[in-house]
Every structure is written in C-alpha cells, then in structure tokens.
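Asks: What shape does this take:
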Amino acid sequence: VQAAPGSFEIKECAIGELVPRYKYEVTLEEIDEILGEYEDGPFIAGKSVSAADIFWAPFLERFAAHLPMLYAKLVARDGRFESLTAWYDAMDELVPCYSCRVKGRAATWQ
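Replies: Residues are numbered from 1 along each chain as shown. All right, here's what the predicted structure looks like:
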C-alpha cells in the first residue's frame, strides 16, 4: 500500500490490512468531542493538566506523527479538530517536559 507522498511504504499490518482512514477520523472527532466537554480549559479535565492528560499524551502524539504518513491531509494538529489542537498547544506551552521529551516527530517514528 502506498501512503501519502513523501512518506514511507506500508507493507501489511499484523492483521493483514491497513486501518481505514475513516476510522482514524472518527476517533479524532471523538477525542475532540471529549476535550471540548470542559469549556474552562484545553485539558481532559478542564483548565489543569491531570493524570488523564499524561496517560493519553503518548497515544495522541503517535496519532500526530503517524497519521500524516499514512494518509495525506489527515493531520491531528492542523486545527480541523479545534479542541484537540488546543490540547496539543497547551501541552507544548504549559507542560515543560512535553515538547522536548514526549512530543512526537515524524522523522523518529519511521
């Protein structure tokens, strides 16, 4: 399966098929909806970072790094998912170790 231009070729997943794009889109929409439930802040539980944010950070960063390599224009941080983008931005700005230790980079995920 050829992925997005400029990315790498994907052989087969363990179960033999690539997860369809729409499933990732639905997942991102649901995460965005959960993050939007608290109007007083960008984090999972509102205005302060919590254990839930720390728990979910590696998974959400994998999405941010992997999805553009799998599917063209499927970018978790591009603003399409407003609450999720606010979460990424808040983690970058308000959690000191996040951007240098947790944040994913496409070059290191290949």
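Asks: What are the buried residues along stretch 29-44?
Replies: Neighbour counts using 16 or more other CB atoms under 10 Å place Ile31, Asp32, Leu35, Gly41, Pro42, Phe43, Ile44 of stretch 29-44 among the buried residues. Just so you know, the C-beta spots here come from the backbone N, C-alpha and C atoms, and that holds for glycine as well.
Asks: how about Glu39, secondary structure?
Replies: Following DSSP: H, G, I helix; E, B strand; the rest coil, we place Glu39 in the coil state.
Asks: Hmm, Asp40 is touching Ser48, no?
Replies: No. Asp40 is beyond contact range of Ser48, at 9.6 Å (criterion: CB atoms under 8 Å).
Asks: burial count for the nearest residue to Val75 once chain neighbours are set aside?
Replies: Leaving aside its chain neighbours, Val75 sits nearest to Pro68 (5.2 Å; criterion: CB to CB, 6 or more residues apart in numbering). Neighbour count of Pro68, defined by other CB atoms under 10 Å: 20.
Asks: Need the CA coordinates for the strand or helix carrying Pro68. PDB is fine.
Replies: Element membership for Pro68, per DSSP states H and E: helix 51-70. Output of helix 51-70 as PDB, limited to C-alpha atoms (Å, rounded to 0.1, in the frame of the first residue of the first chain):
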ATOM      1  CA  ALA A  51      -3.100  12.200  35.100                       C
ATOM      2  CA  ALA A  52      -5.500  11.600  32.200                       C
ATOM      3  CA  ASP A  53      -3.600  14.000  30.000                       C
ATOM      4  CA  ILE A  54      -0.300  12.400  31.000                       C
ATOM      5  CA  PHE A  55      -1.700   9.000  30.300                       C
ATOM      6  CA  TRP A  56      -3.100   9.900  26.800                       C
ATOM      7  CA  ALA A  57      -0.200  12.100  25.700                       C
ATOM      8  CA  PRO A  58       1.900   9.200  24.100                       C
ATOM      9  CA  PHE A  59      -1.100   7.900  22.200                       C
ATOM     10  CA  LEU A  60      -2.100  11.300  20.900                       C
ATOM     11  CA  GLU A  61       1.400  12.100  19.900                       C
ATOM     12  CA  ARG A  62       1.600   8.800  17.900                       C
ATOM     13  CA  PHE A  63      -1.500  10.000  16.100                       C
ATOM     14  CA  ALA A  64       0.000  13.400  15.400                       C
ATOM     15  CA  ALA A  65       3.200  11.800  14.000                       C
ATOM     16  CA  HIS A  66       1.800   8.700  12.200                       C
ATOM     17  CA  LEU A  67      -1.400   9.800  10.600                       C
ATOM     18  CA  PRO A  68       0.100  12.300   8.100                       C
ATOM     19  CA  MET A  69       2.500   9.500   7.000                       C
ATOM     20  CA  LEU A  70      -0.400   7.100   6.500                       C
END
